[in-house]
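Student: structure for this input, please:
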Amino acid sequence: MDRRPLSFAGLLLAFLVGAPAQADSLESVLSPGPVIQGHAKYETDCKQCHVRFNKAGQKGVCLDCHKEVAGDVQTKRRYHGRLEQNDCRRCHTEHKGRSVNIAPLDSKTFDHRLTEFPLKGAHGEPKVKCRDCHVAGKKYREAPSDCYSCHRKDDKHKGSLGRKCADCHVETNWKKTKFDHSKTRFPLAGKHIDVPCKDCHRRPDYKGAPTRCVACHRKDDTHKGRFGPKCESCHNDRDWKTIIFNHERDTKYPLRGAHRLTKCASCHAPSKPLYGTRIASACIDCHRKDDDRKGHKGLFGIKCQSCHTEVNWTRVIFNHDRDTKYPLRGKHAESKCSSCHTGHLYREKLKTDCLSCHKEDDKHEGQIGPKCENCHNERSWKTTRFDHGLTRFPLLGKHADVKCKECHKSLRYKDAPTACYECHKKEDVHKRRLGTKCEECHNARNWKQWKFDHNKQTQFRLDGAHVKLNCLECHKKPVNGKAVAPGTCGACHISDDVHDGRYGNRCERCHNTTNFKQIKPGVVY
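Tutor: This is a model prediction of the structure:
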């Protein structure tokens with residue numbers, strides 16, 4: 001049997017080939033030294049921290065236990081998450097004894113920018129020590145990052161403004177503030193920027209500071225409160241004495257014409273607050289005295305702007321032709337408004353027919369109707385322009401020169417006769433024996449000229465000796481209306497009938513109209 005001692009490799013092989021218990025004993029034998037007190041419970045169980053034959057796997061085992069660090073590495077935040085090489089063994093070396101600090105930190109070389117709290121301003125000054133923020137016995141990550149935890153004793157507001165000190169203070173100097181007032185309900189602008197905080201904020205918690213102008217500028221209010229508390233409507237924060245109010249832009253009542261020169265107190269009564277009283281905007285509210293002075297006395301309504309302007313109250317711009325449906329022509333243009341408008345202008349609807357105003361001037365007693373304009377015009381009531389051609393009796397020939405009163409004996413014009421005989425009775429030399437329809441022979445151009453075609457206008461043709469007869473030889477009796485004369489030969493030639501009526505009264509069977517004594521050829525007695 002070979003008694004030579006075994007080499008280290010042989011001994012290691014023998015243990016590995018043997019039982020697991022023998023392998024654990026070998027790991028204990030090969031341990032480089034005791035671990036720190038915190039890891040002592042894992043000292044006999046190497047696999048809690050080591051992975052056999054895999055050094056890279058050791059990092060994962062560490063992170064399995066140190067879950068806070070594992071979270072930082074995974075999210076790439078805090079110190080361990082921001083390290084470029086975050087292999088645990090690189091900084092933390094074990095097996096150096098129970099009391100050894102395996103997480104040493106050099107405060108002089110430590111880069112605090114890798115943490116969640118970079119040291120800025122006064123925090124990075126040498127006088128600030130690590131122990132000022134990192135309390136002994138606690139992990140570095142447990143150090144507070146809010147201002148209030150460290151600066152509680154410096155808080156003169158006694159917590160009334162909350163714990164977000166960074167909203168106002170900076171790291172350079174605690175006493176220097178950087179509060180952004182524009183993020184509040186009252187942004188600082190103009191002269192307000194230079195005002196010390198204490199002038200407005202009387203309490204240490206800054207609460208209750210007034211936001212209305214009048215709260216601070218009551219002594220500057222020369223209006224004595226009459227114009228209300230909204231000073232910003234007229235003044236600005238750059239210069240209190242500068243007036244920015246624009247009546248035309250900022251109200252629904254632009255000031256024009258003479259209104260621009262009017263003082264505020266003329267409309268805004270000094271005894272009433274500006275914002276507490278609604279100022280009436282109707283013209284009549286301010287110009288009622290002018291309305292009475294003009295004589296309208298409210299009869300023309302409250303729409304003064306229909307006739308007047310802001311430039312000059314006495315100037316009238318109303319145009320009846322343009323602004324109404326009844327243009328004023330002729331004498332109407334010279335009439336006073338009150339001549340037609342006797343009541344309230346806007347409540348009373350005036351009638352536009354002539355007769356409504358000219359009933360007393362109507363000499364026709366209403367018999368012709370209300371359309372006076374058919375005959376009269378606005379220039380003169382006595383002037384007529386009646387077109388007789390629109391009536392049942394157009395004026396033709398000599399009738400056009402005849403004066404109205406010749407035919408119209410009264411102003412009831414409709415009573416005037418239309419038959420010729422009514423006017424020309426005395427000129428009827430026929431004594432009514434040719435009837436009363438004078439127009440069958442005469443015309444309106446000349447009464448003495450006449451034309452009657454007996455052959456066309458009657459059923460008794462005039463031929464032979466009848467042509468030379470005078471009308472009155474047949475028409476012997478006066479008649480009314482159409483002239484009527486006998487149409488048989490016997491009616492006129494009874495004295496010439498030598499047959500004593502034995503052959504009847506149809507003389508034309510044998511005789512002709514040329515010569516009654518002649519017998520027609522071929523007639524046999």
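
Student: how about the helices of the stretch 301-450 of the chain, start to end?
Tutor: 320-323, 337-340, 354-358, 404-407, 420-424 (DSSP state H, counting those that start in this stretch).

Student: next, count neighbours for the closest residue to Phe516 other than its chain neighbours.
Tutor: The shortest distance from Phe516 to any non-neighbouring residue, by Cβ to Cβ, 6 or more residues apart in numbering, is to Asp496 (5.5 Å). Backbone N, C-alpha and C define where each C-beta goes, glycine included. As a burial measure, Asp496 scores 12 neighbours (other Cβ atoms under 10 Å).

Student: also the one 4 residues further on?
Tutor: If you count neighbours by other Cβ under 10 Å, Asp500 ends up with 7.

Student: show me the contacts for it.
Tutor: Neighbour list for Asp500: empty [criterion: Cβ atoms under 8 Å, 6 or more residues apart in numbering].

Student: so how far is Asn515 from the residue nearest to Phe516?
Tutor: Plainly put, Asp496 is 11 Å away from Asn515 if you go by Cβ to Cβ, to the nearest Å.

Student: same question for Ile284.
Tutor: Taking Cβ to Cβ, one finds Ile284 at 104 Å from Asn515.

Student: neighbour-wise, which of the two wins?
Tutor: Ile284 (16 against 10).

Student: now do the contacts for that one.
Tutor: Asp291, Gly298, Ile302, Cys304.

Student: what does the pLDDT read for it?
Tutor: According to the prediction, Ile284 has pLDDT 84.

Student: which parts of the stretch 51-200 of the chain are helices?
Tutor: 58-65, 67-75, 78-82, 88-91, 147-151, 197-200.

Student: could you identify which of the ones you listed is most buried?
Tutor: Counting by mean count of other Cβ atoms under 10 Å, helix 78-82 has the highest mean neighbour count of these, with a mean of 18.

Student: contact partners of it?
Tutor: Taking Cβ under 8 Å, 6+ apart as the rule, helix 78-82 contacts Val69, Asp72, Val73, Gln74, Thr75, Lys76, Asn86, Leu114, Thr115, Glu116, Tyr140, Arg141.

Student: skipping its backbone neighbours, what lies nearest the fifth one in space?
Tutor: With sequence-adjacent residues excluded and distances taken as Cβ to Cβ, 6+ apart, Thr75 is closest to Gly81, at 5.9 Å.

Student: against Phe227, how distant is that neighbour?
Tutor: 64 Å.

Student: may I have the distance across stretch 218-226, first residue to last?
Tutor: Distance between the boundary residues of stretch 218-226 (Cα to Cα, to the nearest Å) amounts to 12 Å.

Student: look at the residue nearest to Phe516 and report its pLDDT.
Tutor: The predicted local confidence for Asp496 is 86.

Student: can you list the low-confidence ranges for the stretch 251-400 of the chain?
Tutor: Judged by pLDDT under 70, the stretch 251-400 of the chain has its weakly predicted residues at 270-277, 345-347.

Student: repeat the analysis, applying 90 as the threshold.
Tutor: Residue ranges of the stretch 251-400 of the chain with pLDDT under 90: 251-326, 329-330, 333-392.

Student: can you map out the strands along it?
Tutor: Using DSSP state E, counting those that start in this stretch, no strands are assigned anywhere in the stretch 251-400 of the chain.

Student: excluding chain neighbours, give the residue nearest to Glu94 in space.
Tutor: Val35 (5.1 Å).

Student: ramachandran coordinates for the residue nearest to Phe516?
Tutor: phi -90, psi 0 (degrees, to the nearest 10).

Student: shouldn't it be in contact with Asn505?
Tutor: No: in terms of Cβ atoms under 8 Å, Asp496 does not count as a neighbour of Asn505; the distance is 12.0 Å.

Student: return the residues in contact with the closest residue to Pro370 other than its chain neighbours.
Tutor: Closest residue in space to Pro370, ignoring its immediate chain neighbours: Leu355 at 3.9 Å, by Cβ to Cβ, 6+ apart. With contacts defined as Cβ under 8 Å, 6+ apart, Leu355 is in contact with Asp362, Gly366, Pro370, Cys372.

Student: CSV please, covering those residues and showing distance to Asp250 and neighbour count.
Tutor: Converted to CSV, the contacts of Leu355 look like this (distance: Cβ to Cβ, whole Å; neighbours: other Cβ atoms under 10 Å):
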residue, distance to Asp250, neighbour count
Asp362, 59, 17
Gly366, 61, 10
Pro370, 55, 15
Cys372, 55, 19
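
Student: from those, pick the one nearest Lys451.
Tutor: Cys372 (40.8 Å; Cβ to Cβ).

Student: what are the phi and psi values at the residue most central in space within the chain?
Tutor: Residue closest to the mean C-alpha point of the chain, counted by Cα atoms, centre = their mean, is Lys252 at 14.5 Å. Main-chain torsions, Lys252, degrees, to the nearest 10: phi -90, psi 10.

Student: separation between the residue nearest to it when sequence neighbours are not counted and Tyr253?
Tutor: Nearest residue to Lys252, sequence neighbours excluded (Cβ to Cβ, 6+ apart): Ser281, at 7.6 Å. Relative to Tyr253, Ser281 is positioned 5 Å away (Cβ to Cβ).

Student: quick one on the thing from earlier: rebuild the helices of the stretch 51-200 of the chain as CSV, extending it with mean pLDDT.
Tutor: Listed next are those as CSV, based on pLDDT from 0 to 100:
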stretch, mean pLDDT
helix 58-65, 84
helix 67-75, 87
helix 78-82, 86
helix 88-91, 82
helix 147-151, 86
helix 197-200, 84
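
Student: for Phe179, which of those helices is the nearest?
Tutor: The nearest among those, by Cβ to Cβ, is helix 197-200 at 8.4 Å.

Student: how about that closest one as PDB, C-alpha atoms only?
Tutor: Taking Å, rounded to 0.1, in the frame of the first residue of the first chain, the C-alpha atoms of helix 197-200 are listed here in PDB:
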ATOM      1  CA  CYS A 197     -44.400  90.400   1.300                       C
ATOM      2  CA  LYS A 198     -45.200  91.600   4.800                       C
ATOM      3  CA  ASP A 199     -47.100  94.600   3.400                       C
ATOM      4  CA  CYS A 200     -49.900  92.300   2.200                       C
END
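
Student: what residues are up against His201?
Tutor: Going by Cβ under 8 Å, 6+ apart, His201 touches Ala209.

Student: against Gly162, how distant is it?
Tutor: 15 Å.

Student: cool, Arg141 as well?
Tutor: 25 Å.

Student: between these two, who's got more neighbours?
Tutor: Per other Cβ under 10 Å, whichever of Arg141 and Gly162 has more neighbours is Arg141, with 14 against 11.

Student: correct me, but the more buried one touches Gly71?
Tutor: No: judged on Cβ under 8 Å, Arg141 makes no contact with Gly71 at a distance of 10.7 Å.

Student: what residues are shared contacts of these two?
Tutor: Contacts common to Arg141 and Gly71, judged by Cβ under 8 Å, 6+ apart, are absent.
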